[in-house]
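[1] What follows is a predicted protein model with its sequence.
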Amino acid sequence: MLRRLTAAFALHVLLLTLALAVPSAAAELRGPAGKPRARSLSPRLAAARDLGPAPSEAKTTVLVSLALRGRAALARFVEDVQDPTSPRYHRFLTQKHFVAHHAPTVRQEQAVVAYLQQQGFRITYRARNRLLVGGEGTVAATEQAFGVRLHDVVVGSETTRAALDEPTLPSDLADHVVGVLGLGDAGGMKPHLRASETLDDAFGPPELARFYDNATGYDGRGETIAIVGLYAWNPADVTFFNRRFGLPPLPAGSTQVCTGSSPRAAGCAYNAGLSAEVSLDVEYAHATAPRAKVINYMAASPTYADFAVLYNTVVAGGGRRAARSLRGSTGWVVTTSWGTCERTVPAAWLRTYDNILANANAIGQSWVAASGDYGSRDCDDLPSVDFPASSPHVVAVGGTTPMCDDAATCDRYGYETAWSGSGGGSSTFFARPAYQQGCGVPAGSRRLVPDVALASDPLPGILFRHAGEWRVTGGTSAGAPQWAGFLAQLNQRRGGGGLGHPGARLYALCGSGAYHDIVEGGNGDYEATPGYDLATGLGSVSVRNLLSLY
C-alpha cells in the first residue's frame, strides 16, 4: 500500500512539474528578448493610480510600428527635393518607389504578422507601406506576447488599461520595430477651436480675402485638399455657406472617407455637437481654394492608434469609399486641426507618426497643422508644444488677433498682434530641421513652433455655418485650412505635381513682402518680435505676394 501511495505521489509531482513547465516553455519560444527602438508607454502613466490586474480574457488591440529603412538617406532626399540647386529638386518619389526603397521589407512585416498570429492575435490591419500591423487579442495573449503586465489604471480623470512595463519582443523582431502601440497611451487627439460669444464684426471669406490679399486669380483647380480629423460634415451646412458667400459647390470627387474598420464608427458620423471642427475646416478650405477637391478623412475615434491608421491611409491609401485619382495622393495638401500635447505622447507614437509624415513629404504631400490654442503652455502649465504641429514634416500655423483699419468695410490689411492662445515654443522630441534658420530664428537644436500664422482670435472671430445656424469661432484651426488653400493655389500656379514640405522656401522669404511681420503681443512665455518668433513664426501672409515670390 505504501509503495502504491509513493508511486502515486511521484506521478502527481511529475505531472505538476510538467504543468508548471508549460508557461516557461511557451516563454522560451519567444527567444532572447529585445526592446523596440522607442518607449511605448505614455509619460502620464508615472502618475497613474493602479486599480489592479486586467481580466485575462478581456479584449485588447495593439498596433506594431515598423521602422523605415534608410532613414538617413530619406532625410537627405527630403532636404534635396526642396533645394533648387539639387538635381532632385521637386522630383518627388512615387509611393511605389518609396515602398521599394524605404518601407520595411516584406519579410520583416510578415515576421511580425506571424508572431502575432502565433500568440493568438487576429490581424486587423496591414498598411500598404508596411509601417503598421494591427492585431486584436486578449489581455493574457498580450501579456505573453510582449512580456508585460496589463492593469486597469486611473490617469487624471480617465480610467484606462495600460502596461506596467515597456514591451519586449524576440530580439530579431525588436531590431526593426519602433514600438508596440496601444499598451499605454493615456490620451487622445483634440480639436483646436474656441467658441465666441458674439456674431458682431466676425470675419467671413470676403473680409479674409481682402485682409490677406487673396485675389490672386488662382482657385485651386485640379488640386486636392485632404482634411484629417474626426466626424463628418453636413452637406446642407456647406451648401448654405456657399450660397451666402457666392461660392461654387464643392467640386466633383469631394467626399468623406472613414478609415475605421466599421463604417458605423463613431468618429465617422455626423454629430451636431462634435462636427463643428470639420464644418469650419471644409468651409474655409473651400472658400480659400474654391475649385480644389476636398476629401474629409475621418478616424474611428480620437485614440492615437486610430489616428495613426488615419494618417497612414491619407499617405499610403485605403479607407472606405476612398476615391483615388490615377496619381494617388501625390501632391495633395493636407490640413489637420486635431492635435495633442507633445510631452504626453509616447516616443514610439511620435516616431511612428513622423515616419508616416516623412513618407508624405517624400511623395510631394504638404501637411499643415494648427499649432494649438493654449499659448506657450500646451499642457500641465509647463512650456510645451502641440503635435503634429511640432513635427518637422508639417507646416505649423499659429494665431493672430486681426484688426481692420475700417471695421465697417475691412477692405484691406490693417494690423495684427500675436493672439494670446497661439501655440508656440520648442519641441522636446524633434530636432531642428535644416530649413528653420535665419530671420531671427533663435539658436538651438530643437524644432520650433509655429512656422506661420493667421487670424485666430475668437474676437472678432471667424463666421461659419454648423448644425443649421451661424456661429463664430476662433482657434488656430481657423488658420490651418486657409493655409492649406493658399498652398493649393501655389501648387496650381506652379503647374501641379506637389510642393512637399515648403519650409525651405517659406523661411527664405522672411523679410520679403510675402509676410506681415507681427511685432506686438505674445502667447505667454514668448513675445512677438521682428522676424521669426515663437508666437507667430514668420508672420501672417500676403497671398498675392507669396504666390509671386515663391
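    Now that the structure is in, tell me what you want to look at.
[2] who's in contact with the most centrally placed residue in the chain?
    Central residue of the chain (CA atoms, centre = their mean): residue 388, 4.6 Å from the mean position. Residues near residue 388 by CB atoms under 8 Å, 6 or more residues apart in numbering: 336, 339, 353, 357, 367, 369, 394. In this view, the C-beta of every residue, glycine as well, is placed from N, C-alpha and C.
[3] so what pLDDT did the closest residue to the second one other than its chain neighbours get?
    Read it as residue 339. Excluding its sequence neighbours, the residue lying closest to residue 339 (CB to CB, 6 or more residues apart in numbering) is residue 386, at 4.4 Å. On the pLDDT scale, residue 386 is placed at 98.
[4] Next, count neighbours for residue 386.
    Residues lying near residue 386 (other CB atoms under 10 Å) number 29.
[5] again, but for the one 4 residues further on
    Other residues near residue 390 come to 33 when the count uses other CB under 10 Å.
[6] isn't it right next to residue 430, touching?
    Yes: the criterion here is CB atoms under 8 Å, and residue 390 meets it with residue 430 at 5.8 Å.
[7] Which neighbours do these two have in common?
    Residues touching both residue 390 and residue 430 (CB under 8 Å, 6+ apart) are residue 447.
[8] does residue 290 count as helix, strand or coil?
    Assigned with DSSP: H, G, I helix; E, B strand; the rest coil, residue 290 falls in the coil class.
[9] Might one say that it is in contact with residue 249?
    No: if you go by CB under 8 Å, residue 290 and residue 249 don't touch, sitting 9.3 Å apart.
[10] of these two, who's got more company?
    In this view residue 290 and residue 249 are compared by other CB under 10 Å, and residue 290 has more residues nearby, 21 against 13.
[11] Look up how far residue 489 lies from the more buried one.
    Per CB to CB, to the nearest Å, residue 290 is found 10 Å from residue 489.
[12] shared neighbours, the two?
    Overlap between the contact sets of residue 290 and residue 489, as judged by CB under 8 Å, 6+ apart, is given by 219, 220.
[13] Show the contacting residues for residue 56.
    Residue 56 makes contact with 138, 139, 140, 143 under the criterion CB under 8 Å, 6+ apart.
[14] Pull the number of nearby residues for the first one.
    The burial count assigned to residue 138 is 19, neighbours taken as other CB under 10 Å.
[15] check contacts around it.
    Contacts for residue 138 (CB under 8 Å, 6+ apart) come out as 56, 57, 58, 59, 60, 120.
[16] Check it and give its pLDDT.
    98.
[17] For it, give me phi and psi.
    Backbone torsions for residue 138, taken as degrees, to the nearest 10, come to phi -120, psi 170.
[18] Identify the bridge partners of it.
    residue 59 (DSSP bridges).
[19] where's it relative to residue 388, distance?
    Going from residue 138 to residue 388 by CB to CB gives 32 Å.
[20] Sketch out the strands for the stretch 351-500 of the chain, chain order is fine.
    Ranges of strands within the stretch 351-500 of the chain are 366-370, 386-387, 395-403, 415-418, 425-431, 446-449, 452-455, 462-466, 469-474, based on DSSP state E, counting those that start in this stretch.
[21] Switch those over to TSV; also include distance to residue 496.
    TSV is the format used below for the strands of the stretch 351-500 of the chain (distance: least, CB to CB, whole Å):
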stretch	distance to residue 496
strand 366-370	13
strand 386-387	30
strand 395-403	19
strand 415-418	32
strand 425-431	30
strand 446-449	29
strand 452-455	22
strand 462-466	29
strand 469-474	32
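[22] Out of these, which one sits most buried?
    Greatest average neighbour count among those goes to strand 366-370 (a mean of 31), per mean count of other CB atoms under 10 Å.
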